[in-house]
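Student: Quick one: sequence and predicted model below, then my questions.
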There are 2 protein chains.
Amino acid sequence: MEKNRAISSLAALAHDQRIDVFRLLVQAGPEGIPAGEIAAALKSPANTLSNNLRILTAAGLIRSAREGRSIRYFADMDGMRVLLAFLMQDCCGGRAELCQPVLDTITCNC
Amino acid sequence: MEKNRAISSLAALAHDQRIDVFRLLVQAGPEGIPAGEIAAALKSPANTLSNNLRILTAAGLIRSAREGRSIRYFADMDGMRVLLAFLMQDCCGGRAELCQPVLDTITCNC
DNA sequence: CATTCAATTCCATTACACATGAAATATGGA
DNA sequence: TCCATATTTCATGTGTAATGGAATTGAATG
């Protein structure tokens, strides 16, 4: 069942607007962004964005919290972690030299 | 253009058979697997698999080399590296504590 | 050259994803 | 209570992906 979750996460991200939304929320960090601001930033109709937020939420990639009239969205780092772990799992096939360059690339440049 | 490449790679992986193919090739490592063996392993009609191999190749996630009558496929670790780099880029939003758990998860257990 | 095997391409059918207008819902304030 | 704002749900038209049968290409063998 893990596999289906990975597929739905990948499918959620494989979309022009949703990948923008996700990266926007990742950059926004813990304070998140209200749905209206996301729509404004991406110049998107509210209902189109709403549907994409729903898909990203179902995929476990973002979370939300109501805040008065608006709803604030956050990147779900745990979901991202699960997805990347699945993608990298069994990455070696017994040979570390295969996966090491991949891991080196992901080194965080905070 | 980088973004479109990421999207097509994600879309390629967001598929029941293609994610199996990719992981199979990752596990197989540098020696790769001939198309026929992949089809047998996944119990798939040859033409369906062939189409999915084409999509994965176009996405930069696998490579191939003819070997007599058969064609041997390999996971393209460079393509994977590009994809993961894009996904993890700007992962911090100025706060290392956000992305660190994600990076820790990906630690290779070779 | 004819044959056989491997893999791909072509094609038609089916099914699902996407975007958006319009309507509905939820919240806070007058 | 009634209105304004923010967001979601519904219904629908459009397009694109997935699938597998049949035909085709490419390579080795006798």
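Tutor: Yep, that arrived. Numbers count the residues shown, from 1 in each chain, chains lettered A, B, ... in the order given.
Student: so which strand or helix has A:I19?
Tutor: For A:I19, the enclosing helix or strand under DSSP states H and E is helix A:16-28.
Student: Let me see the mean pLDDT of the next helix or strand after that helix.
Tutor: Next in sequence after helix A:16-28, counting helices and strands by DSSP H and E, comes strand A:33-34. Taken as a whole, strand A:33-34 has an average pLDDT of 94.
Student: and strand A:33-34, anywhere near DNA strand D?
Tutor: Yes: against DNA strand D, strand A:33-34 shows contacts by Cβ under 7 Å from any atom of the strand at A:P34. Any C-beta I mention is one placed from the backbone N, CA and C, and that applies to glycine too.
Student: picking up where we left off before, mind listing residues that contact the helix holding A:I19?
Tutor: Contacts to helix A:16-28, defined as Cβ atoms under 8 Å, 6 or more residues apart in numbering or on different chains, come from residues A:12-13, A:32-33, A:38, A:41-42, A:44, A:48-49, A:52-53, A:55-56, A:61-62, A:73-75, A:80, B:3, B:6-7, B:10, B:90-91, B:93.
Student: list the contacts for the residue nearest to A:F74 when sequence neighbours are not counted?
Tutor: Computed as Cβ to Cβ, 6 or more residues apart in numbering or on different chains, the closest residue to A:F74 that is not its neighbour in sequence is A:G32, at 3.9 Å. Applying Cβ under 8 Å, 6+ apart, one finds that A:G32 lies in contact with A:L25, A:A65, A:R72, A:Y73, A:F74, A:A75.
Student: 6 Å instead, please
Tutor: Residues near A:G32 by Cβ atoms under 6 Å, 6 or more residues apart in numbering or on different chains: A:R72, A:Y73, A:F74.
Student: so the first one, which of the three states?
Tutor: Per DSSP: H, G, I helix; E, B strand; the rest coil, the local secondary structure of A:R72 is strand.
Student: Okay, strands next: where are they in chain A?
Tutor: Ranges of strands within chain A are A:33-34, A:62-67, A:70-75, based on DSSP state E.
Student: who does the shortest one pair up with?
Tutor: To tie it back to what came earlier, the one meant is strand A:33-34. Looking at strand A:33-34 with DSSP bridges, its partner strands are strand A:70-75 (antiparallel).
Student: May I see the buried residues of the partner strand?
Tutor: Neighbour-count burial for strand A:70-75, with 16 or more other Cβ atoms under 10 Å in any protein chain shown as criterion, is recorded at A:R72, A:Y73, A:F74, A:A75.
Student: ok, and does it reach over to DNA strand C?
Tutor: No: judged by Cβ under 7 Å from any atom of the strand, strand A:70-75 stays clear of DNA strand C, getting no closer than 8.9 Å.
Student: In chain A, where is pLDDT below threshold?
Tutor: A:1, A:90-110 (pLDDT under 70).
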